[in-house]
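A.B. asks: Sequence first, then the predicted structure:
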Amino acid sequence: MELVKTYAQEISTAIEGKLTVTEVSELIEQPKHRNQGDLAFPCFVLAKKLKKSPLVIAASVALKINHAHFENVIAEGPYINGFLNRAVVSKNVLLSILALQDGYGSNNEGTGKTITLDLSSPNIAKPFSMGHLRSTVIGNAMANIAEKCGYETIRINHLGDWGTQFGKLITAYQLWGSEEKVKQAPIQELLSLYVRFHEEVEANPELNDEARLWFKKLEGHDERAELLWKWFRDESLQEFDKIYQLLGISFDSVNGEAFYNDKMDEVVAMLEQKNLLVKSGGADVVLLDEYGLPPLLIRKSDGGTLYGTRDLAAALYRQRNYQFEKSFYVVGQEQSLHFKQVFLVLKKLGFNWAHGMEHVPFGFILKDGKKMSTRKGKVVLLEQVIKEAVDMAENNIAERNPQLQEKEDIAQMVGIGAIMFHDLKNDRLNNVEFSLSDMLKFEGNTGPYVQYTHARACSILKKSTVKVNPETFKGLEDAYSWGVVKALMAFPDVIERSFQQSEPSHLAKYLLNLSQEFNSFYSHVKVLADDAEQQDRLALVMSVAITLKEGLRLLGLRAPERM
């Protein structure tokens, strides 16, 4: 970014300020081919201002640029192509990374500001399926990246621990449940009961009435209903915690929907005071006609509250307790309308902080092209996938490196990393087809490939007997080293872009690119050759190891030093 600004400053000066430095910066691009230079500025926008051909402008401006960071600046048709001074730039980049270590790529954009992130949010009494993985790993990566940008983050697991589904589950347990079976395998048995309810209700619709009655009892603090609800909740949380520990993810708050049961009356009172509540079919709603949206339901005709009421109460609670600058809801794209409605109602209530609230949607994980469904029993359990992934990693290690120390721990790093990276490398809004074989490939565009590249860099450094002295650096100029240097240079910009666009896939794809550049360098350059550039090459390897490890950490993966 700094070099782009430098190039933009030189061009802006050469054209006598016809475009500002910022305007020039926004137009600078990467040439399509490496032999065309490192930075390119298209002169089309200047043709009208200067009343000259873009080709003439490019030829004239290129002659005026002379800066130590640029080895050469040439006109290529309507483009001004800049060739960076490889020795100077590579030396500066390596010195910077070695000085900053894992602080490389950090910025202070969010210093003194807080972000809340609503992520994961599995439903109580249902298994943690692959469908929950996206919110969990995307939200966690976003929180890590936000911290890299200086923000304080609050990770919130808004558990689905309330609603009519508990009436269904209690009904199913009362009719067909066994305390012994639930104690032996709580989640599996509760899922079986939930699925059976939906099968039986097709032939016996009156079961829905019984389920509604049990949920009404739960809302009314019926002792039996509350006892079963708490039992289901406690058993589920224990199962969820096992998954979160495996993924290396923790939360600052696990307040679920039930936590807001006593906080919704205030929201209703606020809406009434602002004359925002309107009767519609016996229910209380907030109209959003002016936005072309359907109304947000606040209170049902029987007095019951809905998701919208709870989310309004949760937003108020979070603002009061955390004073967030931004509040991200990492929830599937099917909830986009709901969050638009909630945010607009908060704005209608006069809360300016609602402008900092953002829904971060994502696509589905599909199985055979179809969305997974808990009620139909069509789920792939994440715990089972993790076990298979770790087993496959262990088998790989046994075949390739049977003498490897701590192989169980490394197999867990690699297996779990494969699952997380497979999700995060995909653009957030795209659907992801569940494929265990694709997820667990240890070559190509995978997490294990990046982890292996990090281990390779660490192995080179362990073999070296040379102590790196930054004062001896001369800079690297060969094409393979330069490819790595350019990739390393991009890291701070990728961090900033990943945060601004709430898109961890930018970082995942960057790590793949850096790994590819490094492996090309490794296969063509003798890193440990005893010559004048050895110190610089070792510094390059160190810089790659530092950047890969930090990038993997931000995505939630660990970086093994041996594989």
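C.D. replies: Thanks, I have the structure now. Numbers count the residues shown, from 1 in each chain.

A.B. asks: what's the domain layout of the chain?
C.D. replies: Under the assignment automatic domain parsing, the domains of the chain span 2-84, 382-555.

A.B. asks: Residue 296 against residue 284, yeah?
C.D. replies: No: using Cβ atoms under 8 Å, residue 296 is not in contact with residue 284; the gap is 10.0 Å. Just so you know, the C-beta spots here come from the backbone N, C-alpha and C atoms, and that holds for glycine as well.

A.B. asks: Compare the two and say which is more crowded by neighbours.
C.D. replies: residue 296 (26 against 23; other Cβ atoms under 10 Å).

A.B. asks: Report the beta-bridge partners for the more buried one.
C.D. replies: Taking DSSP bridges as the rule, residue 296 bridges to residue 286.

A.B. asks: Let me see the contact set for it.
C.D. replies: Taking Cβ atoms under 8 Å, 6 or more residues apart in numbering, we find residue 296 in contact with 285, 286, 288, 308, 341, 342, 344, 345.

A.B. asks: Same check on residue 126?
C.D. replies: 187, 190, 191, 194, 236, 374.

A.B. asks: same thing with residue 322?
C.D. replies: 114, 116, 154.

A.B. asks: filter those to the buried ones?
C.D. replies: Neighbour counting by 16 or more other Cβ atoms under 10 Å classes 114, 116, 154 among these as buried.

A.B. asks: hang on, the earlier thing: from the domains of the chain, which stretch is densest packed?
C.D. replies: domain 382-555 (a mean of 18; mean count of other Cβ atoms under 10 Å).

A.B. asks: That domain - what's its average pLDDT?
C.D. replies: In this model, domain 382-555 has a mean pLDDT of 94.

A.B. asks: how about the contacts of residue 126, which pair is most distant?
C.D. replies: 236 and 374 (12.8 Å; Cβ to Cβ).

A.B. asks: Comparing the two, which residue is more hemmed in?
C.D. replies: residue 236 (23 against 17).

A.B. asks: what about that one, which helix or strand?
C.D. replies: helix 223-247 (DSSP states H and E).

A.B. asks: With residue 71 instead?
C.D. replies: strand 70-76.

A.B. asks: wouldn't residue 295 be in contact with residue 283 here?
C.D. replies: No: using Cβ under 8 Å as the test, residue 295 is too far from residue 283 to be in contact (9.0 Å).

A.B. asks: can you tell me how far residue 244 sits from residue 430?
C.D. replies: 25 Å (Cβ to Cβ, to the nearest Å).

A.B. asks: Look at residue 172 and say how many residues are nearby.
C.D. replies: 24.

A.B. asks: quick one: which helix or strand includes it?
C.D. replies: With DSSP H and E as the criterion, the answer for residue 172 is helix 164-176.

A.B. asks: List of residues touching that helix?
C.D. replies: 123-125, 182, 190, 193-194, 196-198, 207, 210-216, 218, 225, 228-229, 232.

A.B. asks: check contacts around the residue sitting nearest the centre point of the chain.
C.D. replies: The centroid of the chain falls nearest to residue 138 when counting by Cα atoms, centre = their mean (3.1 Å). Taking Cβ under 8 Å, 6+ apart, we find residue 138 in contact with 119, 330, 360, 362, 423, 424, 428, 504.

A.B. asks: helices or strands next to the helix or strand where residue 540 lies in the packing?
C.D. replies: Following DSSP H and E, one finds residue 540 within helix 534-555. When contacts are defined as 3 or more Cβ pairs under 8 Å, 6 or more residues apart in numbering; DSSP states H and E, helix 534-555 sits against helix 86-100, helix 133-148, helix 407-424, helix 447-463, helix 479-489, helix 491-500, helix 505-524.

A.B. asks: Let me have these in CSV, adding distance to residue 168 as columns.
C.D. replies: Output for the helices and strands packed on helix 534-555, formatted as CSV (distance: least, Cβ to Cβ, whole Å):
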stretch, distance to residue 168
helix 86-100, 54
helix 133-148, 23
helix 407-424, 30
helix 447-463, 38
helix 479-489, 53
helix 491-500, 40
helix 505-524, 37
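
A.B. asks: out of those helices, nearest to residue 440?
C.D. replies: Using Cβ to Cβ, the nearest of these to residue 440 is helix 407-424, at 5.2 Å.

A.B. asks: helices and strands around the closest one, which ones?
C.D. replies: helix 133-148, helix 223-247, helix 382-400, helix 436-439, helix 447-463, helix 505-524, helix 534-555.

A.B. asks: Show me how far the helix or strand immediately after the first one in the chain is from its chain's centre.
C.D. replies: Translated: helix 133-148. Next helix or strand after helix 133-148 toward the C-terminus (DSSP H and E): strand 152-156. Between the centre of strand 152-156 and the centre of its host chain there is 14 Å, according to Cα atoms, centre = their mean, to the nearest Å.

A.B. asks: Quick check: the nearest residue to residue 152 once chain neighbours are set aside vs residue 320, distance?
C.D. replies: Distance criterion Cβ to Cβ, 6 or more residues apart in numbering; nearest residue to residue 152, sequence neighbours excluded, is residue 114 at 4.7 Å. According to Cβ to Cβ, residue 114 stands 12 Å off from residue 320.

A.B. asks: what comes into contact with the helix or strand encompassing residue 328?
C.D. replies: Assigned by DSSP H and E, residue 328 falls within strand 326-329. Applying Cβ under 8 Å, 6+ apart, the external contacts of strand 326-329 come out as 113, 115-118, 139, 142, 151, 315, 318-319, 335, 339, 356-360, 502.

A.B. asks: hang on, the earlier thing: just checking: what are the partner strands of the strand holding residue 71?
C.D. replies: strand 79-84 (antiparallel).

A.B. asks: Run the angle between the strand it pairs with and helix 479-489 for me.
C.D. replies: 100 degrees (axes from the mean of the first three to the mean of the last three Cα atoms, to 10 degrees).

A.B. asks: Make residue 1 into 28 and carry on from there
C.D. replies: Understood, numbering begins at 28; the last thing we discussed is strand 106-111.

A.B. asks: can you dump the C-alpha coordinates of strand 106-111 into PDB?
C.D. replies: The C-alpha trace of strand 106-111 is given here as PDB (Å, rounded to 0.1, in the frame of the first residue of the first chain):
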ATOM      1  CA  TYR A 106      -0.200   2.500 -19.400                       C
ATOM      2  CA  ILE A 107       2.600   3.800 -17.200                       C
ATOM      3  CA  ASN A 108       4.300   0.700 -15.800                       C
ATOM      4  CA  GLY A 109       6.500   0.900 -12.800                       C
ATOM      5  CA  PHE A 110       9.300  -1.600 -12.100                       C
ATOM      6  CA  LEU A 111      10.100  -1.600  -8.400                       C
END
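
A.B. asks: quick check, distance from that strand to the centre of its chain.
C.D. replies: Computed by Cα atoms, centre = their mean, the chain-centroid distance of strand 106-111 equals 34 Å.

A.B. asks: same deal with stretch 276-287?
C.D. replies: On Cα atoms, centre = their mean, the centre of stretch 276-287 falls 19 Å from that of its chain.

A.B. asks: Could you do stretch 122-133 as well?
C.D. replies: 22 Å.

A.B. asks: Give me the buried stretch members for it, please.
C.D. replies: Buried-residue list, stretch 122-133, by 16+ other Cβ under 10 Å: 122, 124, 125, 131, 132.

A.B. asks: and of those, the nearest to residue 61?
C.D. replies: The closest of those, once distances to residue 61 are taken by Cβ to Cβ, is residue 124, at 22.0 Å.

A.B. asks: Pretty sure that closest one sits against residue 576.
C.D. replies: No: Residue 124 lies out of contact with residue 576 (Cβ under 8 Å); the separation is 11.7 Å.

A.B. asks: Show the pLDDT at residue 400.
C.D. replies: Per the predicted model, pLDDT is 58 at residue 400.

A.B. asks: Show me the shaky parts of the stretch 278-427 of the chain.
C.D. replies: 399-406 (pLDDT under 70).

A.B. asks: Okay, strands next: where are they in it?
C.D. replies: 304-307, 310-313, 323-326, 353-356, 384-386, 392-394, 397-398 (DSSP state E, counting those that start in this stretch).

A.B. asks: In TSV, list those along with distance to residue 498.
C.D. replies: TSV is the format used below for the strands of the stretch 278-427 of the chain (distance: least, Cβ to Cβ, whole Å):
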stretch	distance to residue 498
strand 304-307	71
strand 310-313	66
strand 323-326	64
strand 353-356	43
strand 384-386	47
strand 392-394	51
strand 397-398	59
